[in-house]
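**Student:** need a 3D model of the following:
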Amino acid sequence: MQQKTIAIIGGGPAGLMAADVVAGHGHRVNVYEAMPTMGRKFLLAGKSGLNLTHSEDYDRFRQRFGAATEALGPALDGFTPQAVCAWAEGLGQTVFTGSSGRVFPSVMKASPLLRSWLARLERQGVRLLTRHRWTGFSGRLLHFDTPEGQKTFEPDAVLLALGGASWPRLGSDAAWIPALAGAGVTFAPFRPANCGFDCAWSETFRERFAGAPVKSVAIMSAAGRIQGEFVISRHGVEGSLIYAHSAALRDGLEKGKTDLMLDLLPGRSLEKLVRDLARQPAKLSLSNRLRKATGLEGVKLALLRETTPELAQLAPEELGSRLKALPLALLRPRPIEEAISSAGGVHLEQLDCRFMLKDLPGVFLAGEMLDWEAPTGGYLLTACFATGRAAGLGMLEWLQG
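**Tutor:** Numbers count the residues shown, from 1 in each chain. The predicted structure is shown next:
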């Protein structure tokens, strides 16, 4: 095939994966990134351990993308979690699976993998152009603001991998929406995903327990019952167990439903709790009765008191029920700027099977700017890699055709 010029706008995992695919077929590839360096959000994701993918059964893994499963499925099938592991090891980064099933590079960090990846792209002839902010189309011309002023380029095909709307200081600021909207592209509104929530804590509770982990609990919501731990924040609640429920909680809040249910003692049955509470002498203080009957103390006991003003008046049956299903009122999700990821973006039905916009031939999309969401645990990165790869292959097919 005749050598073509490819523009990839966005130097995150989706854009870099597409560049890797296309450059391997001999095309001239330019990657344009608005920030001073490539992969800034990717590096932040690896600050406490780069969770590349997940080792769970692939059929279950594939269903983690909810309503977007049908559209993303072929891309995921083409770059499964096992393929992600092989790709990382091909860049010299061995991986291991943690006790939770999450897969990490052995060094845990993102920077060694990213350095190796960028070096391979440069060896393939990919030009990595930073501080190039895309400002829109003019026919087939692409317009950029650069340190040398405004510039235009006319590639044979373009991939947009510009991210969603979370962590805007790292480049995912959704500033691309006006340019695509002007070209007739439609969107679902961006909303926070994998986020914390505000609660109306008392000042005493906030000052004493902000930052405290709440361990060995289960949360019940429309997402089901999931056991784990979360953290009390100054604003409300956050952490892995909250993130696992965040889509259901966010959607519920939009419909006026504000409670989630906490099981503070998931290893104890309601019947046993009631018996143990009923056996405690009435002369003991409430705190001592709870401690002797349930072992409850610290932040769990404080959380029970904070959410149950009438606690001292509850009979053993009512108290046991509260311990097993404690309502926690949420006010709102935390701002999208704080969210790990975002929901919303370009409607997927506007793309063909190659991830090309049906109404804009030669314009491909990938990554978090598309309307899908997934929980934490390696699903987000895997889908970014997979859609970037699928869009890269789609570009090759379209150019050849």
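
**Student:** pLDDT below threshold where in the stretch 101-250 of the chain?
**Tutor:** For the stretch 101-250 of the chain, no stretch is flagged by pLDDT under 70.

**Student:** how far away is the closest residue in space to residue 56 that isn't next to it in sequence from residue 388?
**Tutor:** In space, residue 56 comes closest to residue 101 once its chain neighbours are excluded; the distance is 5.2 Å by CB to CB, 6 or more residues apart in numbering. All C-beta spots, glycine's among them, are computed from the backbone N, C-alpha and C. According to CB to CB, to the nearest Å, residue 101 and residue 388 sit 24 Å apart.

**Student:** settle it for me: which of those two has more neighbours?
**Tutor:** Of the pair residue 101 and residue 388, residue 388 is the one with more neighbours under other CB atoms under 10 Å, namely 30 against 15.

**Student:** quickly find the element holding the more buried one.
**Tutor:** helix 379-400 (DSSP states H and E).

**Student:** can you give me the helices in this protein?
**Tutor:** 13-23, 40-45, 58-62, 69-78, 81-90, 111-123, 177-182, 203-209, 240-254, 270-278, 286-294, 298-307, 316-324, 379-400 (DSSP state H).

**Student:** contact partners of the first one?
**Tutor:** Taking CB atoms under 8 Å, 6 or more residues apart in numbering as the criterion, the residues outside helix 13-23 that touch it are 6, 8-9, 29, 31, 33, 38-39, 42, 117-118, 120-121, 124-126, 159, 161, 364, 366-368, 381, 384-385, 387-389, 391-393, 395-396.

**Student:** okay, that helix in CSV with CA atoms only?
**Tutor:** Extracted C-alpha coordinates of helix 13-23, given in CSV (Å, rounded to 0.1, in the frame of the first residue of the first chain):
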residue,chain,number,x,y,z
PRO,A,13,-3.1,5.0,25.8
ALA,A,14,-5.7,4.9,23.0
GLY,A,15,-3.8,7.3,20.7
LEU,A,16,-0.4,5.6,21.3
MET,A,17,-1.8,2.2,20.7
ALA,A,18,-3.3,3.3,17.4
ALA,A,19,0.1,4.8,16.4
ASP,A,20,1.8,1.5,17.3
VAL,A,21,-0.5,-0.4,15.0
VAL,A,22,-0.4,2.0,12.0
ALA,A,23,3.3,2.8,12.1
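
**Student:** next one: it to chain centre, how far?
**Tutor:** 20 Å (CA atoms, centre = their mean, to the nearest Å).

**Student:** give me the angle between that helix and helix 111-123.
**Tutor:** If you take axes from the mean of the first three to the mean of the last three CA atoms, to 10 degrees, helix 13-23 sits at 30 degrees to helix 111-123.

**Student:** what angle sits between helix 13-23 and helix 81-90?
**Tutor:** Going by the same axes, to 10 degrees, helix 13-23 makes 70 degrees with helix 81-90.

**Student:** other residues contacting stretch 143-159?
**Tutor:** So stretch 143-159 is contacted by 4-10, 15, 18, 30, 32, 131-138, 140-142, 362-366, 388, 391-392, 395, 398-399 (CB under 8 Å, 6+ apart).

**Student:** now, which of those lie within strands?
**Tutor:** 5-9, 30, 32, 133-138, 141-142, 363-365 (DSSP state E).

**Student:** burial count for the closest residue to residue 127 other than its chain neighbours?
**Tutor:** Excluding its sequence neighbours, the residue lying closest to residue 127 (CB to CB, 6+ apart) is residue 30, at 4.7 Å. Residues lying near residue 30 (other CB under 10 Å) number 19.

**Student:** wait, residue 30 touches residue 10, no?
**Tutor:** No - taking CB atoms under 8 Å as the definition, residue 30 is not a contact partner of residue 10, at 11.9 Å.

**Student:** first-to-last residue distance for stretch 25-44?
**Tutor:** 31 Å (CA to CA, to the nearest Å).

**Student:** repeat for stretch 179-190
**Tutor:** End-to-end distance (CA to CA), stretch 179-190: 16 Å.
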